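> coords please:
(chains A, B, C and D)
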Number of protein chains: 2
Amino acid sequence: MPLNERKRQILRAITNDYIDTAEPVGSRTIARRYGLGVSPATIRNEMADLEEDGYLQQPHTSAGRIPSDKGYRFYVDALMDPEELSVEEIRKIREALRAEHRQMEELVHGSARLLALLSQYTSIVVAPDLRFGAIRRLQLIPLDEWHVLLVLVVDPGFVQSRIVETLRPLQLHEIARMNHFFSQRLSGLMVADIGSSLVGEMRAEVNDEVLMTEALNLLARGLRDIKKENVFLDGTIHLFNQPEFRDINKVKVLLNVLDDEKMLWDLLSDAFISGIQVTIGRENQHEGFQDCSLVTASYEIDGQVVGKVGVIGPTRMDYERVVTIVECIAMNLSELLSDARRH
Amino acid sequence: MPLNERKRQILRAITNDYIDTAEPVGSRTIARRYGLGVSPATIRNEMADLEEDGYLQQPHTSAGRIPSDKGYRFYVDALMDPEELSVEEIRKIREALRAEHRQMEELVHGSARLLALLSQYTSIVVAPDLRFGAIRRLQLIPLDEWHVLLVLVVDPGFVQSRIVETLRPLQLHEIARMNHFFSQRLSGLMVADIGSSLVGEMRAEVNDEVLMTEALNLLARGLRDIKKENVFLDGTIHLFNQPEFRDINKVKVLLNVLDDEKMLWDLLSDAFISGIQVTIGRENQHEGFQDCSLVTASYEIDGQVVGKVGVIGPTRMDYERVVTIVECIAMNLSELLSDARRH
DNA sequence: GGTTAGCACTCACTTGATTGGAGTGCTAAC
DNA sequence: GTTAGCACTCCAATCAAGTGAGTGCTAACC
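I've put the predicted structure just below:
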């Protein structure tokens, strides 16, 4: 049952209109507002077919039609006409992001803010997992007799630090030796790589067993709770502008999901596929998320997918606009991150 | 018009009941539920007086009474009986906070989470302004030819770092000299103190004019955008459990305020008075906040007020419980922060 | 055979009237 | 000063009728 051209036009018209107005769309409206050159009765016949095929549904008998999940899916895959951003808009996005391009955490965080602002939906950004980036610098800064600050810088400039208590008081020159050693042996590796094999190797290489034990101990404890799930959320407030969330209980369920970093995480991380992805309504398994859609794109550093940006909204989402914006931000983010690496 | 004992009892009963049920309280309810030994009619007379004096108000003629802002004020100041926390509960709070007592940012953030969890309202915590804490460490870490990481550690262990671009490529030994110099001259000062007088002094002291210029430049740019308003919010979701926010528009207004760090900031910072503070309804000037109350307490490091913790809820808030919890968390936070300083 | 006008029908939503109940204020008696 | 009794007010829930948007079906049209 491939859809003929007129059915496609009608499905497109209904979807666009519903996205716009949030009201079920009737045959008269279509005939009047979108000049298809046929009468409401004809449209009614086509609509009945589309409903039979599962693309449309009716909230109740005497109401207009709204797209089903399948309808949206077809719309997204085949019907919609993604909005083009003007050069000016693209420039603005670029500028806005570039403003904080030195501090990587803020760049990522800023992407979330910008995405929410532009899309007027809730945005979500997963920051790169620092355990899988190349260590640029790993250094201890002495604080006092019993404490050091472990500073980790991961390409292209993500910084994390932890205060670690030492097992015994350390002399400055001991810390210096550790630092020298770290910079010799760890630069370019990944945190995830600092496994037991390397540890053994390091131990063999340095003659000061005691010092090495202490060093590795510090490292282990300092790196143990490096944040691995780093999810930024922004623009939750936009949820409240959607008529589908006028019911406070729906919002509550949704916010409960959004509040839980872990849930968010497996909402997004299912596949770090490169490119743009749209998940519609029930395609999403997650409880309480079945009236929502998710538009995500991955971003990369030097061709390697490291994170995702996305937008959450009702299934009745302005896909044409959102897809474009998400794509644009992911691209810019990739560029800025890759650029930063090169300097 | 000092309230006699019976009037106080009635006001207290009405307030407690209303806090509990969110329904206007009638004379019969009071007579039945709180054994004052008088009939509803008598209570009605007293209620009429209390309304005349502004302690109570009536949503409409044929409804029960609810406390006015003035009523709540009197309740908070003179009537309520703050809940005692059990030793067990206090221990739990202490433990929960101690779990992250090394990383100060997380300690502060954790306080917000805990406060929201325990109070079941929205919590807010203002972190110390790093510009006014004693510098424990200020150090540059070389990243590459053109970039260094400026790491700032402020007592008792707040860490911030910024990547700064250098004006010219720096040699490692130059950075080492800068670091030596920083640690000699800046330890114990406040960021806010690094003003022009000190700069002049430093310049005079070191003979390498070029290097110093570079160093001060780095410092200036790195410290310029140290976060000064650092506000943590948690438990916004609890707002939705309050019947007064069943109307989506009220929530929207409120969330708009809470979303704006700056607004939050001047909501709290009006006075860094030590001790607990309760702001009720219209006592709060802030637009859209006039149906809310705010219970805050300041916390200290070594006797010096550095920040605030607080709870936001409807004026119909469970003051007896909230006051106790806020107080307890502020106290524990103070202790942990001061402790950390001592080690 | 596809298209369309016409028409009966469905169903949510609005409006207005009715009712029940919770609560009050007032008065008169205790 | 306290209380029982009573008339009164007003909200909230319920119901019936009317309205209007939209449909499906049929029969006529091109």
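> contacts and neighbour counts: CA atoms only from here.
Will do.
> Return the residues in contact with residue A:81.
With contacts defined as Cα atoms under 8 Å, 6 or more residues apart in numbering or on different chains, residue A:81 is in contact with residue A:320.
> Just the element for it, please.
In the assignment (DSSP states H and E), residue A:81 maps to no helix and no strand.
> What does the pLDDT read for it?
We have a pLDDT of 95 for residue A:81.
> what's the answer for the one 4 residues further on, then?
Looking at residue A:85, its pLDDT stands at 93.
> Which elements pack onto the helix of greatest length in chain A?
Ranked by residue count, the top helix of chain A under DSSP state H comes out as helix A:319-342. Other helices and strands packing on helix A:319-342, by 3 or more Cα pairs under 8 Å, 6 or more residues apart in numbering or on different chains; DSSP states H and E, are helix A:87-98, helix A:104-119, strand A:292-301, strand A:304-314.
> Can you lay out these as TSV showing distance to chain B?
Below are those laid out as TSV (distance: least, Cα to the nearest Cα, whole Å):
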stretch	distance to chain B
helix A:87-98	14
helix A:104-119	9
strand A:292-301	18
strand A:304-314	17
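> Any chance of a markdown table for the ones you listed, columns distance to residue B:31 and mean neighbour count?
Formatted as a markdown table, the helices and strands packed on helix A:319-342 follow (distance: least, Cα to Cα, whole Å; neighbours: other Cα atoms under 10 Å in any protein chain shown):
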| stretch | distance to residue B:31 | mean neighbour count |
| --- | --- | --- |
| helix A:87-98 | 63 | 14 |
| helix A:104-119 | 53 | 21 |
| strand A:292-301 | 50 | 24 |
| strand A:304-314 | 50 | 24 |
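> can you pull out the strands in the stretch 1-150 of chain A?
Taking DSSP state E, counting those that start in this stretch as the criterion, the stretch 1-150 of chain A contains strands spanning A:56-57, A:66-67, A:122-126, A:135-144, A:147-154.
> Let me have the ones you listed in CSV, extended by distance to chain B and mean pLDDT.
Formatted as CSV, the strands of the stretch 1-150 of chain A follow (distance: least, Cα to the nearest Cα, whole Å; pLDDT from 0 to 100):
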stretch, distance to chain B, mean pLDDT
strand A:56-57, 28, 96
strand A:66-67, 25, 97
strand A:122-126, 13, 96
strand A:135-144, 7, 95
strand A:147-154, 8, 96
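> Got phi/psi on the residue lying closest to residue A:281 once chain neighbours are set aside?
In this structure, residue A:281 finds its nearest non-sequential neighbour in residue A:290, 4.5 Å apart by Cα to Cα, 6 or more residues apart in numbering or on different chains. Per-residue torsions, residue A:290: phi -90, psi 0 (degrees, to the nearest 10).
> quick one: contacts for residue A:290?
Under the criterion of Cα under 8 Å, 6+ apart, the neighbours of residue A:290 are A:280, A:281, A:282, A:283, A:284.
> at 7 Å what do you get?
Applying Cα atoms under 7 Å, 6 or more residues apart in numbering or on different chains to residue A:290 gives the contacts A:281, A:282, A:284.
> for these, which one is nearest DNA strand C?
Ranked by distance to DNA strand C (Cα to the nearest atom of the strand), those are led by residue A:281 at 21.9 Å.
> so where's the stretch 101-250 of chain A shaky on pLDDT?
The stretch 101-250 of chain A contains residues with pLDDT under 70 at A:196-197, A:203, A:206-207, A:228-229.
> how about a cut-off of 90?
Low-confidence segments of the stretch 101-250 of chain A (pLDDT under 90): A:101-102, A:145, A:181, A:184-185, A:192-230, A:246-250.
> about what we covered before: so the residue nearest to residue A:281 versus residue A:277, what's the distance?
Here residue A:290 is placed at a distance of 16 Å from residue A:277 (Cα to Cα, to the nearest Å).
> wait, which of the helices and strands packed on helix A:319-342 is closest to residue A:22?
Taking Cα to Cα, strand A:304-314 is the member of these nearest to residue A:22, at 10.5 Å.
> Touching, residue A:24 and residue A:17? I think so.
No - with contacts defined as Cα atoms under 7 Å, residue A:24 does not count as touching residue A:17, sitting 8.6 Å away.
> What residues does chain A have near DNA strand D?
Proximity of chain A to DNA strand D, by Cα under 7 Å from any atom of the strand, involves residues A:24-29, A:41, A:44-45, A:47-48, A:61-65.
> near chain B too, which of the residues you listed?
Among those, no residue lies close to chain B (Cα under 7 Å from any Cα of the partner chain).
> Considering the residues you listed, which is situated nearest to chain B?
Of all the residues of chain A next to DNA strand D, chain B sits closest to residue A:24, with 22.6 Å by Cα to the nearest Cα.
> Skip the chain neighbours and tell me the closest residue to that closest one.
Spatially, and ignoring its direct neighbours in sequence, residue A:24 is nearest to residue A:64 (4.5 Å; Cα to Cα, 6+ apart).
> Quick one: residues contacting the one you found.
Listed by Cα under 7 Å, 6+ apart, the contact partners of residue A:64 are A:24, A:25, A:26, A:58.
> residues touching the residue nearest to the last one when sequence neighbours are not counted, list them.
Take residue A:58 and drop its neighbours on the chain: the residue closest to it by Cα to Cα, 6+ apart is residue A:65, 4.8 Å away. Under the criterion of Cα under 7 Å, 6+ apart, the contact list for residue A:65 reads A:24, A:25, A:26, A:56, A:57, A:58.
> Done for today, thanks.
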